[in-house]
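Asks: Sequence below, structure please.
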Amino acid sequence: MRWDVFAWAALALILFAAETLAPGAFMLWLGFAATAVFLAVWVLPGIPLLAQVAAFVVLSFVSIQVYRRWFRGREPQSDRPALNRRTAALVGQVVPLHTAIVNGRGRVQIADAYWDVSGPELPAGVPVRIVGAEGMHLLVEPA
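Replies: I've put the predicted structure just below:
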């Protein structure tokens, strides 16, 4: 067996194995490109090494672009896009102030959690609308 055929087969297998260890569909497409070069080298002996590498690079690029445009664009969209971004999910809610806003700082209670808020000076109990977030700190305005 020729070394170039063996090398491309081994590279394809290594890339497929890497995909199983760290899934994310990136190594899979590189593995497909390596498999295509392996088949080309096996069927058409005498392809120069530089042409083999160039074909692998081009096929890798093309296969990744096909994945990004065709398959990735068809993934189902979430009905709750802010599920793991809790502060983003709170934007727009109206809640009463638990602690008055003094010097720009106060607190609100949402469900069983207390959140630090920033906004204009307001007394406790006044309803405020959450308009944004900076990390775990909410930005509010009078509702």
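Asks: use CA for all of it now, contacts and neighbours both
Replies: OK.
Asks: Tell me the spacing between the spatially most central residue of the chain and Ala12.
Replies: By C-alpha atoms, centre = their mean, the chain has its centre lying nearest to Gly24, at 10.2 Å. Separation of Gly24 from Ala12 (C-alpha to C-alpha, to the nearest Å): 16 Å.
Asks: so what secondary structure elements neighbour the helix or strand of the chain with the lowest mean pLDDT?
Replies: Within the chain, confidence by mean pLDDT, DSSP states H and E is lowest for helix 86-90 among all helices and strands, at a mean of 80. Contact partners of helix 86-90 among helices and strands, from 3 or more C-alpha pairs under 8 Å, 6 or more residues apart in numbering; DSSP states H and E: strand 127-134.
Asks: Just to check, Ala9 is in contact with Ala34?
Replies: Yes. Ala9 is within contact range of Ala34, at 7.4 Å (criterion: C-alpha atoms under 8 Å).
Asks: more neighbours, those two?
Replies: Using other C-alpha atoms under 10 Å as the criterion, Ala9 and Ala34 rank with Ala34 on top: 29 against 20.
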